[in-house]
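Undergrad: no FASTA, just this:
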């Protein structure tokens with residue numbers, strides 16, 4: 001499907017709007033700049049009582065683990081969209097459901 005400049009602009013506006021909603025709703029947008037096009041192998045779900053420990057493509061830092069849960073490719077541009085998720089591991093229950101963290105258009109697949 002060929003997209004016009006107006007359609008791409010609308011998609012960008014929707015993404016910015018979504019980011020604004022996440023800030024108001026208390027989402028993890030403070031580290032949105034850390035949705036990057038590089039990754040290393042990390043462990044997720046490594047607290048006792050949570051989901052099984054697994055390896056993931058992502059990064060770790062002081063605000064937690066973030067990993068690429070899925071990705072898609074735009075056939076027209078050849079670009080890939082990487083969907084980053086926060087590993088909400090830990091707490092008194094051992095694990096909390098992971099949450100969407102942000103997306104980034106990248107030139108390669110993760």
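TA: That came through fine. Worth saying up front: this structure is predicted, and the values here are computed from it rather than measured. Numbering: from 1, shown residues only.

Undergrad: mind listing the strands for the chain?
TA: In the chain, the strands defined using DSSP state E lie at 40-44, 54-61, 64-73, 80-87, 99-106.

Undergrad: would TSV of those strands with mean neighbour count and distance to residue 34 be doable?
TA: The way it works is simple: take the backbone N, C-alpha and C, and place the C-beta from them, glycine included. Output for those, formatted as TSV (neighbours: other CB atoms under 10 Å; distance: least, CB to CB, whole Å):
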stretch	mean neighbour count	distance to residue 34
strand 40-44	15	13
strand 54-61	15	7
strand 64-73	18	7
strand 80-87	21	8
strand 99-106	17	8
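
Undergrad: export these to CSV and append columns for mean pLDDT.
TA: Shown next, in CSV, are the strands of the chain (pLDDT from 0 to 100):
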stretch, mean pLDDT
strand 40-44, 92
strand 54-61, 90
strand 64-73, 93
strand 80-87, 94
strand 99-106, 94
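
Undergrad: tally of neighbours for residue 50?
TA: 18 (other CB atoms under 10 Å).

Undergrad: now it: phi and psi?
TA: Note on residue 50: its backbone torsions stand at phi -100, psi -160 [degrees, to the nearest 10].

Undergrad: so it sits against residue 87, correct?
TA: No: in this structure residue 50 lies outside contact range of residue 87 using CB atoms under 8 Å: 9.5 Å.

Undergrad: now do the contacts for the nearest residue to residue 73 once chain neighbours are set aside.
TA: Nearest in space to residue 73, with sequence neighbours left out and distances taken as CB to CB, 6 or more residues apart in numbering, is residue 80 at 5.1 Å. Taking CB atoms under 8 Å, 6 or more residues apart in numbering as the criterion, residue 80 is in contact with 71-74, 105-110.

Undergrad: list the residues that contact the closest residue to residue 74 other than its chain neighbours.
TA: Leaving aside its chain neighbours, residue 74 sits nearest to residue 81 (7.2 Å; criterion: CB to CB, 6+ apart). The neighbours of residue 81, taking CB under 8 Å, 6+ apart as the test, are 71-74, 103-106.
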